[in-house]
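Chemist: generate a structure from the sequence data that follows.
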Amino acid sequence: MDYRTEAPAIIRDFLVYHETIQGHSRKTVDEYYLDLRNFFRFMKIEKGKASRSAELDEIPIDDVDLDLVRSVTLTDVYSYMNYLSRDRVRHANSPSAGYGLAPAARARKIAAIRSFYKYLTNKAKLIAENPMQDLDSPRLKKTLPRYLDLHESIQLLESVDAPNKERDYCILTLFLNCGLRISELVGLNLTDVRGEQLRVLGKGNKERMIYLNDACQGAIEDWLAVRSHLAAADKNALFLTRKHTRMTTDAVHYMVKQRLKKAGLDSSQYSSHKLRHTAATLMLQNGVDVRTLQELLGHEHLNTTQIYTHVDRDDLRLAARANPLGTVKKRSAKPEKP
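Modeler: Okay, here's the model as predicted:
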């Protein structure tokens, strides 16, 4: 799939803008393309430009032009969202495929549509007024992030043994101390280790510097001592597989699951991303303020970081105990006289 050759001009220009000017990753831009492609396939049916009996995923969009884009209304978008929530197959290639996308998946598609029309209005100047300005996103259920407590984190680290002991210990240490995303970890190069600092390339190719504590520096030194004796196929990659190629996200996911099992922890409940949650939670519980944590985690918006302020807050526990009614207990009922 390559949007540069497959997408109609009006969508291609939008995607090129996001990749070259906004600096969004290729993966993000590809997801935008898939979301917009599916949306305009549905719109072609709604506007009578494709048969209602046609398979949605087989409808071409090479003829999508400004006239069709301009004709879309909020009502059309809500019809599309209704289709996604009730009739869209969740996992097309799975034998247990169900119907209806989750609110988070629908929200992502709304974001793509909203961004597209904002670009046409504010940047390309092809539309005078943005018809999607008042487009609402599905209401998302807020869930607290799952994380390991301090004892479980130490238990995980202490259980790491051969093979690949130094590498795996280093990866887990960076997850638990620095709160890296898995994409950031597998993208690390040798040149990103700079003494007590680590250069991290985050979402949208945004660079940030993370200070390494003693545990991280020690783990990196131990791994580099082992790595220096390996004939690396990728000479730049910090972390290597057994075949000496760069570690992939799948390889890291698998390793983390295996190490969790080895530590006696529930691998079905935790993952590499949960280790990022663990780092954030432990730091907040130990005095790191939320804005510093935002910078450390590479969150663009503070409200993304603030979810961690609701996890196991000692001050909220103290506030509950401070209420004078907290010690009042229900009186036992007096036995009735016969």
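Chemist: buried residues in stretch 65-84?
Modeler: For stretch 65-84, the neighbour count (16 or more other C-beta atoms under 10 Å) marks 68-69, 72, 76-77, 80-81, 83-84 as buried. All C-beta spots, glycine's among them, are computed from the backbone N, C-alpha and C.
Chemist: turn the residues you listed into CSV, including secondary structure, distance to Q217 and pLDDT.
Modeler: Listed next are the buried residues of stretch 65-84 as CSV, based on DSSP: H, G, I helix; E, B strand; the rest coil; distance: C-beta to C-beta, whole Å; pLDDT from 0 to 100:
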residue, secondary structure, distance to Q217, pLDDT
L68, helix, 57, 96
V69, helix, 53, 96
V72, coil, 54, 96
D76, helix, 56, 95
V77, helix, 51, 94
Y80, helix, 51, 93
M81, helix, 49, 91
Y83, helix, 53, 88
L84, helix, 47, 87
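Chemist: between these, which is closest to A50?
Modeler: L68 (11.0 Å; C-beta to C-beta).
Chemist: so where is the protein shaky, pLDDT-wise?
Modeler: Flagging of the chain using pLDDT under 70 yields the residue ranges 89-99, 140-144, 307, 309-338.
Chemist: how about the strands of it, start to end?
Modeler: Taking DSSP state E as the criterion, the chain carries its strands at 193-194, 197-201, 207-211.
Chemist: circling back to that earlier point, nearest to Y3, of the buried residues of stretch 65-84?
Modeler: V69 (16.2 Å).
Chemist: count of residues packed around the nearest residue to the closest one once chain neighbours are set aside?
Modeler: Nearest non-adjacent residue to V69, counting by C-beta to C-beta, 6 or more residues apart in numbering: I10, 6.2 Å away. By the criterion of other C-beta atoms under 10 Å, I10 has 19 neighbours.
Chemist: how close does I10 get to R181?
Modeler: Applying C-beta to C-beta, to the nearest Å, the value for I10 to R181 is 32 Å.
Chemist: cool, and R4?
Modeler: On the measure of C-beta to C-beta, R4 and R181 end up 27 Å apart.
Chemist: out of those two, which sits in the busier spot?
Modeler: R181 (18 against 10).
Chemist: and the more buried one, what does it touch?
Modeler: Going by C-beta atoms under 8 Å, 6 or more residues apart in numbering, R181 touches 202-203, 273, 276, 298.
Chemist: would TSV of those with distance to A263 be doable?
Modeler: Below are the contacts of R181 laid out as TSV (distance: C-beta to C-beta, whole Å):
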residue	distance to A263
G202	28
K203	29
H273	17
R276	17
G298	27
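Chemist: closest one to I154 out of those, please.
Modeler: For the contacts of R181, the residue nearest I154 by C-beta to C-beta is R276; the value is 17.4 Å.
Chemist: residues near the closest one, how many?
Modeler: R276 sits with 22 neighbouring residues when counted by other C-beta under 10 Å.
Chemist: contacting residues for it?
Modeler: By C-beta under 8 Å, 6+ apart, R276 lies in contact with 175, 179-181, 297.
Chemist: swap in 10 Å and give it another go.
Modeler: When the contact criterion is C-beta atoms under 10 Å, 6 or more residues apart in numbering, the partners of R276 are 145, 147, 175-176, 178-182, 184-185, 297.
Chemist: also R4?
Modeler: R4 touches 12, 15-16, 19, 33, counting by C-beta under 10 Å, 6+ apart.
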